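In: Okay, here's the prediction I keep looking at, along with the sequence it came from:
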Amino acid sequence: MTSVRGVNVIQTQCCGALYGTPAYGSINLSAQEYWTDGRRVGSLFNTDGGLRHCQCGAYYLLKRCEDIETIRTPRYKPRAPKGWQRTKDNWWNRFWGKPTLSDYLLNYDIRTDEEIKAAEDALPPMTKHVADAHMPDVIEQCRGDAEMLIIARRRWWQHLNEPFRELYRTYKQTNPDTFPYFQANDVQMANMLALIALLKNSEAPPWLELAELFREVGVMDAAAEALQMADATDSTLAKVLRELMAMNYCGPARFRY
């Protein structure tokens, strides 16, 4: 499961603002749906590329921020009941399995309401996520920053596929063995071609993702070449893409791990 154990305080590069981000104790990457374009639906962890919006108006990446400190807050412990200070460390409480004074001190949040509010007020605001629909603005503002553009165009690609996902789900209810027709529109095509160019020029091209992009724009020969270049870290997705390419199908598809 995904669990949070506190707050990481970070400082942005754009204007030096301080923000808080969750300090994860554990992360669960499972999801309800997996799609060939990388979209995970119903995931317990946000896979948005770490893109955030600053109070100064700039977009930034979490990975580029300076780590200031990690605050392990006791608010994730249950609140101690009123009057907990009067609890006795006697055999009778231990016999009935009731919390002892030591239990309250160790395992409960014993702060007063005033202390909790003061601690929360001292924390910086949490980072502001960027909605998928705002990716065109990110692309416009971040020209020249290849890493930001890759993240923004990837998310725009996945977002533009959302209407087809709805059609796909409905279609599969009555036609589980076939696939609905897909044809990328001009906006989708332009974005995917721009993303392909960015990824191919990156330091370590993600060939499996490139194979999917080439497949969705309908260039199956290039998709096959990219798939041959891909490593074997995700054999399940590679197998799915190979099967879809053999059918000459170019639509994003749902699959299972």
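Out: Received the coordinates, thanks. Numbers count the residues shown, from 1 in each chain.
In: rest of the way, CA atoms for contacts and neighbours
Out: Fine.
In: my guess is residue 151 meets residue 49, correct?
Out: Yes: taking C-alpha atoms under 8 Å as the definition, residue 151 is a contact partner of residue 49 at 6.1 Å.
In: The two - which one has more neighbours?
Out: Taking other C-alpha atoms under 10 Å, residue 151 and residue 49 do not tie; residue 151 has more neighbours (20 against 15).
In: Show the contacting residues for the more buried one.
Out: Contacts for residue 151 (C-alpha atoms under 8 Å, 6 or more residues apart in numbering) come out as 48, 49, 51.
In: How about residue 224?
Out: Residue 224 makes contact with 211, 242, 245, according to C-alpha under 8 Å, 6+ apart.
In: Need the nearest residue in space to residue 30, chain neighbours excluded.
Out: residue 43 (5.9 Å; C-alpha to C-alpha, 6 or more residues apart in numbering).
In: how near is that neighbour to residue 255?
Out: Separation of residue 43 from residue 255 (C-alpha to C-alpha, to the nearest Å): 15 Å.
In: Where do the helices of this protein begin and end?
Out: Assigned by DSSP state H, the chain shows helices spanning 91-95, 101-107, 113-122, 135-141, 146-160, 162-174, 186-200, 207-217, 220-229, 235-246.
In: Tell me which of those is the most buried.
Out: Of all those, helix 207-217 has the most neighbours on average by mean count of other C-alpha atoms under 10 Å, namely a mean of 24.
In: Show me what it is packed up against.
Out: On a contact count with 3 or more C-alpha pairs under 8 Å, 6 or more residues apart in numbering; DSSP states H and E, helix 207-217 meets helix 186-200, helix 220-229, helix 235-246.
In: ok, now with 7 Å
Out: helix 186-200, helix 220-229 (3 or more C-alpha pairs under 7 Å, 6 or more residues apart in numbering; DSSP states H and E).
In: Residue 109 and residue 79, how far apart?
Out: 5 Å.
In: Show the contacting residues for residue 50.
Out: Residue 50 sits next to 61, 62 when contact means C-alpha atoms under 7 Å, 6 or more residues apart in numbering.
In: ok, which stretches of the stretch 1-150 of the chain are strands?
Out: With DSSP state E, counting those that start in this stretch as the criterion, the stretch 1-150 of the chain has strands at 3-11, 18-26, 33-35, 40-41, 51-53, 59-61, 66-71, 128-129.
In: Let me see the mean pLDDT of the third one.
Out: Looking back up the chat, that one is strand 33-35. Average pLDDT, strand 33-35: 97.
In: Now do the buried residues in it.
Out: Neighbour counts over strand 33-35 (16 or more other C-alpha atoms under 10 Å) mark 34, 35 as buried.
In: List the strands paired with that strand, with their directions.
Out: Counting by DSSP bridges, the strands paired with strand 33-35 are strand 40-41 (antiparallel), strand 254-255 (antiparallel).
In: What is the burial count for residue 233?
Out: The tally of other residues near residue 233 (other C-alpha under 10 Å) stands at 9.
In: Just to confirm, what confidence does the model report for it?
Out: 83.
In: With residue 93 instead?
Out: 67.
In: What of residue 74?
Out: 57.
In: I'd like the numbering to begin with 31 instead of 1 from here.
Out: Will do, 31 is the new start, and the previous item becomes residue 104.
In: quick one on the thing from earlier: can you put the helices and strands packed on helix 237-247 in JSON lines and add distance to residue 267 and mean pLDDT?
Out: Shown next, in JSON lines, are the helices and strands packed on helix 237-247 (distance: least, C-alpha to C-alpha, whole Å; pLDDT from 0 to 100):
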{"stretch": "helix 216-230", "distance to residue 267": "18", "mean pLDDT": "98"}
{"stretch": "helix 250-259", "distance to residue 267": "10", "mean pLDDT": "97"}
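In: Dump the ones you listed into TSV; add distance to residue 193 as well.
Out: Formatted as TSV, these follow (distance: least, C-alpha to C-alpha, whole Å):
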stretch	distance to residue 193
helix 216-230	12
helix 250-259	23
